[in-house]
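Undergrad: A predicted structure for the sequence below; I have some questions about it.
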2 protein chains.
Amino acid sequence: MDTPRDHLRDLFRAAGRRLTAQRRLVLEVLEASTEHLDAETLYERARVHDPNISLATVYRTLAVLKEMGLVEEHRLGEGHSHYESVRGGPHYHFICQGCGRVIEFDTPLVAQIEQELRDREGVLVLGAHLHLSGYCAQCQQTMHQQEEANRQ
Amino acid sequence: MDTPRDHLRDLFRAAGRRLTAQRRLVLEVLEASTEHLDAETLYERARVHDPNISLATVYRTLAVLKEMGLVEEHRLGEGHSHYESVRGGPHYHFICQGCGRVIEFDTPLVAQIEQELRDREGVLVLGAHLHLSGYCAQCQQTMHQQEEANRQ
DNA sequence: CCGTTATTGCGAATAATTCGCAGTAGCGGG
DNA sequence: CCCGCTACTGCGAATTATTCGCAATAACGG
Ligand SMILES: [Mn+2]
Ligand SMILES: [Mn+2]
Ligand SMILES: [Zn+2]
Ligand SMILES: [Zn+2]
C-alpha cells in the first residue's frame, strides 16, 4: 500500500530528484495555508519546524516544486512573488487595490479563451493566469463614506 | 485649436503634474514601439534623444504614466517588468516559453468574466491581465523535429 | 553499510528598482 | 517677458528580491 509520503517520493524520483526533509517541509507549509505566501513568510513558517533551513533552500525548493507542477507562482502586484500549492482545478484571482485581499474564482470561460487561441494561432497553451484588480465591495463602501466625510 | 502636445499637457495638469521633456520622450519611445519594452531598453532608446536622461527618471516616469493610465506594466515571466503604451481597447497576452514571442489577442470573454465576478462578489474591476503561456506553433514544430532526431 | 552526487547552509553577488538630496526647470501669475 | 514656487531631475547610494559559489551533508540505490 502507498502512503502519501511514498507517493511524493516517487514523484521526486520520477523527476530525478531527491525528497529531502526541507522539500517536504516547504510543501507542507504551503499546503497548510489557504493564503498565497511569499518566500519570506514561507521561510519564517518553515523555520518553526526546522530552524536550520535557509532562505536559499526555500527559493530553490520553490523553483523545483514549480517545475514539477506542485506549486504555482503569482505576481499579485507587489515587488515579490507569492506561492500556493496546486490543489484542485485551476482558478483565477482578483486583488483589491485597497486592502490587498485576494478573491479566488473559477470560470470555464478561460478554457474557452484558450481553445479560441489554440484554434486561431496554433499555439499550445500550458498555463493561464488571469489577474483582475480593482476594489472589493468593502473597500468601495469605505471610499464612498470618505467622500461623504470630505464633502462636509 | 488643440495640438496633441497641448492635449497631453492638459492631461498632466489635470493630474497636478508637469509635462517635462523627459516624460514626453519616454512616452514617445513607448508609442513608437510595437514591442513590450523593459526599463533598460526604454532607457537606451530615450538616451538617443536625450543623453542626460537618467534611469531613475525612466522608472519614475513609468510610475507616473502608469498611474495616469497612459502606460501598462506587464510581467512576462522574466525577472523584470515590460511596459507598453495604452492605445486602443484592452488586449491580452500569450508568451511562448520556447522563443519568448508575445502574441497579443483580444476577446470579449474577459469582459464577461469581469461582469460575472462583479455580479457574484460586488467588486469593482478596474484592470484585467490575462497571461497565457505555452509554445507557439513554430516552437512546437521545432520540438517535434528534435524528438525525431533523438529517436535516430 | 557505502559511495556517489544531489542538495544544503552560508555568505557574497546580482539584478531590478527605489531613495535622498542638491540643483534645475515647468508653469501660473504679475 | 520675468519671477517665484516647487515639482522634477540626475546622481550615486540604498533596498529588496532572488541567485550563486562552495564546502559540508545526507538521500538513496546497490
Ligand atoms: Mn490562488
Ligand atoms: Mn501588449
Ligand atoms: Zn478591499
Ligand atoms: Zn515560440
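TA: Now that the structure is in, tell me what you want to look at. Ligands and ions are numbered 1, 2, ... in the order given.
Undergrad: wait, A:Leu126 touches B:Tyr135, no?
TA: Yes: if you go by Cβ atoms under 8 Å, A:Leu126 and B:Tyr135 touch, sitting 7.4 Å apart. Bear in mind the C-beta positions are built from the backbone N, C-alpha and C, glycine included.
Undergrad: neighbour count winner among these two?
TA: Taking other Cβ atoms under 10 Å in any protein chain shown, A:Leu126 and B:Tyr135 do not tie; B:Tyr135 has more neighbours (21 against 12).
Undergrad: name the nearest residue to the more buried one, sequence neighbours excluded.
TA: Closest residue in space to B:Tyr135, ignoring its immediate chain neighbours: A:Leu124 at 4.6 Å, by Cβ to Cβ, 6 or more residues apart in numbering or on different chains.
Undergrad: what's the separation between the one you found and B:Ile103?
TA: Note on A:Leu124: its distance to B:Ile103, by Cβ to Cβ, to the nearest Å, is 12 Å.
Undergrad: burial measure for A:Ser81, as a count.
TA: By other Cβ under 10 Å, 18 other residues sit near A:Ser81.
Undergrad: check contacts around the closest residue to it other than its chain neighbours.
TA: Closest residue to A:Ser81 apart from its sequence neighbours, by Cβ to Cβ, 6+ apart: A:Glu73 at 5.0 Å. Counting by Cβ atoms under 8 Å, 6 or more residues apart in numbering or on different chains, A:Glu73 touches A:Leu62, A:Lys66, A:Ser81, A:His82, A:Tyr83.
Undergrad: of those residues, which pair is most distant in space?
TA: Using Cβ to Cβ, the contacts of A:Glu73 span at most 12.2 Å, a distance reached by A:Lys66 and A:His82.
Undergrad: those two: which has the busier surroundings?
TA: Higher neighbour count among A:Lys66 and A:His82: A:His82, with 20 against 15, using other Cβ under 10 Å.
Undergrad: and the gap between the closest residue to the more buried one other than its chain neighbours and ligand 1?
TA: Nearest residue to A:His82, sequence neighbours excluded (Cβ to Cβ, 6+ apart): A:His36, at 3.8 Å. For A:His36, the distance to ligand 1 equals 6 Å [Cβ to the ion, to the nearest Å].
Undergrad: any idea of the mean pLDDT for the top helix by length along chain A?
TA: Looking across chain A with DSSP state H, the single longest helix is helix A:137-151. Averaged across helix A:137-151, the pLDDT comes to 83.
Undergrad: if we can go back for a sec, mutual contacts of A:Leu126 and B:Tyr135, please.
TA: B:Gln97.
Undergrad: picking that back up, what's the helix or strand for the residue nearest to A:Ser81?
TA: According to DSSP states H and E, A:Glu73 maps onto strand A:71-74.
Undergrad: partners of that strand, with directions?
TA: strand A:82-85 (antiparallel) (DSSP bridges).
Undergrad: which stretches of chain A form strands?
TA: A:37-38, A:71-74, A:82-85, A:92-96, A:102-105, A:124-135 (DSSP state E).
Undergrad: sorry, back to before: for the residue nearest to B:Tyr135, give its distance to A:Gln115.
TA: A:Leu124 sits 12 Å away from A:Gln115, going by Cβ to Cβ.
Undergrad: which of the two has more residues huddled nearby?
TA: More neighbours surround A:Leu124 than the other of A:Leu124 and A:Gln115, with 18 against 11 (other Cβ under 10 Å).
Undergrad: who are the contact partners of that one?
TA: Neighbours of A:Leu124 in contact, by Cβ under 8 Å, 6+ apart: A:Arg118, B:Gly134, B:Tyr135, B:Gln140.
Undergrad: out of the residues you listed, which one sits closest to B:Gly88?
TA: Out of the contacts of A:Leu124, the member with the shortest distance to B:Gly88 (by Cβ to Cβ) is A:Arg118, at 24.2 Å.
Undergrad: for A:Thr107, phi and psi?
TA: Main-chain dihedrals, A:Thr107, degrees, to the nearest 10: phi -160, psi 140.
Undergrad: which residues touch A:Leu117?
TA: Residues in contact with A:Leu117 (Cβ under 8 Å, 6+ apart) are A:Val123, A:Val125, B:Phe94, B:Ile103, B:Phe105, B:Leu132.
Undergrad: please consider this matter closed, and thank you.
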